[in-house]
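S.K.: Whatever this is, show me its structure:
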Amino acid sequence: MKVCNYCDELRPEVRPSPFMADGAANMCKDCWEVTRESHKDTEMDIGEFKDYPHEMYNKFLVLKWDDILNVLEGSDEFEQLEGIIRRVMELRKFGGRDPEPSYYVVNKDEPYADKVLELIQKEEEKK
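M.R.: Here you go, the predicted model:
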């Protein structure tokens, strides 16, 4: 049993919140369904509770270095960010994975974005 951070009740099954802004919050199935209904038929549709975490939704964090450097206040924050990145790399290496993977990133507002998504989904279904 874990606490749902949305209704503050103990629930037998919770999932991590699908919203990055909620950090490490957990969501129960009831709260999930209410949230899903309010986002239904939008690009914020969070999918079904049983299927989470979704491969195509919030699996990655993508930030532009220019944006990061523009908001960092002083060398202490940059050193903290470097430390986090270094720990993630060490964890990946310890797990036998590439410590510095690289990815293709497509802005969703590009005219070809839907075609790229379709190709990715098609290939993922083959796995």
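S.K.: Could you identify the helix or strand that succeeds the helix ranked longest in the chain?
M.R.: With secondary structure taken from DSSP state H, the chain has its longest helix at helix 75-94. Counting by DSSP states H and E, the element after helix 75-94 in chain order, helix or strand, is helix 113-126.
S.K.: Now do that following helix, average pLDDT.
M.R.: Confidence over helix 113-126 (mean pLDDT, whole number) is 87.
S.K.: so what secondary structure elements neighbour it?
M.R.: Packed against helix 113-126, as judged by 3 or more CB pairs under 8 Å, 6 or more residues apart in numbering; DSSP states H and E, are no other helices or strands. C-beta coordinates here come from the backbone N, C-alpha and C atoms, glycine included.
S.K.: what's the offset of that helix from the middle of its chain?
M.R.: Here the centre of helix 113-126 is set off from its chain's centre by 18 Å, with CA atoms, centre = their mean, to the nearest Å.
S.K.: now the chain, which segments are flagged as low pLDDT?
M.R.: 51-59 (pLDDT under 70).
S.K.: what about G23, neighbour count?
M.R.: As a burial measure, G23 scores 9 neighbours (other CB atoms under 10 Å).
S.K.: Oops, could you answer that again for C31 instead?
M.R.: Counted with other CB under 10 Å, C31 comes out at 20.
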